[in-house]
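S.K.: One predicted model, sequence on top.
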Amino acid sequence: GAGVSQTPSNKVTEKGKYVELRCDPISGHTALYWYRQSLGQGPEFLIYFQGTGAADDSGLPNDRFFAVRPEGSVSTLKIQRTERGDSAVYLCASSLTSGRQETQYFGPGTRLLVL
Amino acid sequence: AQSVTQLDSQVPVFEEAPVELRCNYSSSVSVYLFWYVQYPNQGLQLLLKYLSGSTLVESINGFEAEFNKSQTSFHLRKPSVHISDTAEYFCAVSEKTSGSRLTFGEGTQLTVNP
């Protein structure tokens, strides 16, 4: 079946602009996660949703970052007033439930470059 | 808070040689442990995980990892590697008592040479 998909695959923007990154989880998966991977680093947790609600947003670096999942399926990560330091690969993952032992399935990522 | 340390950023080996990728973690509570692999130009894929029971877990492609609670380690091993094993490997943990977030190490690039 279809895996996690993310669009766009690449995004180039200018400092100060607003961007939206989209994630389509595996059908039927109730939990959805966002991570950010900077060059040479492992992924860092940003936020996760159980259904429509953000169950843990403690990883969001500041109030320029926001994510929604209005219908409990597709999620959008929104970044306002982008900064060069926001350049990274943004990864989305989904799991069947939010159980801590559940396998998280990752998408291919969106590579964001802020000029 | 938990943390993961992967002691080697790069591991070059020759084909058919054994390999060990090291992972140590720190946490004040019990954890679940994972190894993920990222092949070139692909997304992260789960390789294996330890949840409970036998401390030795195996993957379908010949990798194994052993949970050592006293040393807080979860090293990944393969007795004989193939060129197709060339990839970046990430160790990760999640705490049993709080949240589903994964905390990753910085990754180890395994390069298998002919």
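M.R.: Cool, got the structure.
S.K.: mind listing the strands for the chain?
M.R.: I'll assume chain A. Secondary structure of chain A, counting by DSSP state E: strands at A:5-7, A:10-13, A:19-24, A:31-37, A:44-50, A:53-56, A:65-68, A:75-79, A:88-95, A:105-106, A:110-114.
S.K.: wrong one, I was asking about chain B
M.R.: Using DSSP E, strands in chain B cover B:3-6, B:10-14, B:19-21, B:23-26, B:31-38, B:44-50, B:56-58, B:64-68, B:73-78, B:87-95, B:103-104, B:108-113.
S.K.: Which elements pack onto the lowest-mean-pLDDT helix or strand in chain A?
M.R.: Here the helix or strand of chain A ranked lowest by mean pLDDT, DSSP states H and E is strand A:53-56, holding a mean of 90. On a contact count with 3 or more Cβ pairs under 8 Å, 6 or more residues apart in numbering or on different chains; DSSP states H and E, strand A:53-56 meets strand A:44-50. C-beta: built from backbone N, CA, C; applies to glycine.
S.K.: now for the strand it packs on, which elements pack on it?
M.R.: Under the contact criterion of 3+ Cβ pairs under 8 Å, 6+ apart, strand A:44-50 touches strand A:31-37, strand A:53-56, strand A:65-68, strand A:75-79.
S.K.: For chain A, what's its nearest residue on chain B.
M.R.: Going by Cβ to the nearest Cβ, chain A is nearest to B:Phe104 of chain B, at 3.3 Å.
S.K.: Pop out the phi and psi values for the nearest residue to that residue once chain neighbours are set aside.
M.R.: Nearest non-adjacent residue to B:Phe104, counting by Cβ to Cβ, 6 or more residues apart in numbering or on different chains: A:Gly42, 3.3 Å away. Backbone torsions for A:Gly42, taken as degrees, to the nearest 10, come to phi -80, psi 160.
S.K.: Check whether A:Gly42 really touches B:Val93, as I assumed.
M.R.: No. With contact defined as Cβ atoms under 8 Å, A:Gly42 does not count as touching B:Val93 (11.3 Å).
S.K.: Identify the contacts common to those two.
M.R.: B:Val4 (Cβ atoms under 8 Å, 6 or more residues apart in numbering or on different chains).
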